[in-house]
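Enquirer: next one to model:
(one chain, ligands or ions: 2)
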Amino acid sequence: MQNPEFIVRFWGVRGSIAAPGPSTARYGGNTSCVEVRCGGKLFIFDGGSGLRLLGNALKQSGEAHDFDLFFTHTHLDHCHGLPFFAPCYDPRNRIRIWAGHLRPDHEIAAVLGKMMSPPLFPIPLDIFTAKLEFNDFDAGDSLPTYTGMRLLTEPLNHPNRATGYRLECDGKALVYVTDTEHEPGQLDRNVLRLAERADAMIYDSTYTDEEYPAHRNWGHSTWQEGVRLADAARVKTLVLFHHDPEHDDAFMDRVAAEAERVRPGTLVAREGMVLTL
Ligand SMILES: [Zn+2]
Ligand SMILES: [Zn+2]
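Expert: Ligands and ions are numbered 1, 2, ... in the order given. Presented below is the predicted three-dimensional model:
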């Protein structure tokens, strides 16, 4: 392996809608976007508003980029950063875009094209000058990736469907599971399969168990369910993610303290946080 480092950087940790402002400044207001570096390669999970900042950082390097962008699904909070993603406007770049929740009724290229169409958005998808490749697959498939790595997927429980991912590289495993709703009292088998002995699991922690009953069938889970899953699957580090836009920094501090008490070492994702596996 050229570069043994396995690094996860959080560019957007908020769920549902961006929530900027003084009361969310410490945990961050941008929506889902996670940068992963391993084996010298770049992987991006989700393209929420955090994707714009990651794009600016990639552009600043001045280099050409070749990478994969995986969507959990195409609710706007996971893809509306794409039109503002600078690497799409550089013909030297090669970007493979993946989605596992749309077949057989839809295709990712057409869905993103719909998002970028008037009168919802002024410029169409074909304004991008990077070499783009669109790949639809069925959640549950193993995806082709680089030698020495494995990329597994599972369907999640979410309205309009979503895909969970497990990336293995150099003996380490990262799991990315958002947006998903649990069935109370019953651990999700698909999530357990992905999470088994992972080094880190990023998990949909939109609600607390106390808040959850008022949000049944909204497609999201709780940080306490993340703890139960992480314990059952023997996950090393649990990372709480996709924070409710109504949860301000003071609320998130309380979640962090309680999570640390219940499962020491649990992290609450913050914009700018870097995790080394
Ligand atoms: Zn979401
Ligand atoms: Zn969603």
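Enquirer: residue of the stretch 101-250 of the chain with the smallest distance to ligand 2?
Expert: Closest to ligand 2 within the stretch 101-250 of the chain is Asp179: 3.9 Å, counting by CB to the ion. (Each C-beta comes from the backbone N, C-alpha and C, glycine too.)
Enquirer: pLDDT score assigned to that residue?
Expert: If you check Asp179, the pLDDT there is 96.
Enquirer: contact partners for it?
Expert: 15, 72-73, 75, 78, 156, 158, 162, 204, 206, 219-220, 242 (CB atoms under 8 Å, 6 or more residues apart in numbering).
Enquirer: can you rerun that using 6 Å?
Expert: For Asp179, the contacting residues are His158, Ala162, Asp204, Gly219, His220, by CB atoms under 6 Å, 6 or more residues apart in numbering.
Enquirer: what about the second one? Give its phi and psi, please.
Expert: Geometry field for Ala162 lists phi and psi as phi -160, psi 170, criterion degrees, to the nearest 10.
Enquirer: still on that earlier bit, tell me which two of the contacts of Asp179 sit farthest apart.
Expert: Farthest pair in the contacts of Asp179 (CB to CB) is Ala162 and His220. Separation: 10.5 Å.
Enquirer: and the closest residue to Ala256 other than its chain neighbours, how many neighbours does it have?
Expert: Leaving aside its sequence neighbours, Ala256 sits nearest to Val268 (CB to CB, 6 or more residues apart in numbering; 4.4 Å). When neighbours are defined as other CB atoms under 10 Å, Val268 has 21 of them.
Enquirer: tell me the pLDDT of Val268.
Expert: 98.
Enquirer: what helix or strand is the residue lying closest to Arg9 once chain neighbours are set aside on?
Expert: Among residues not flanking Arg9 along the chain, Glu35 sits closest, at 4.3 Å (CB to CB, 6+ apart). Assigned by DSSP states H and E, Glu35 belongs to strand 33-38.
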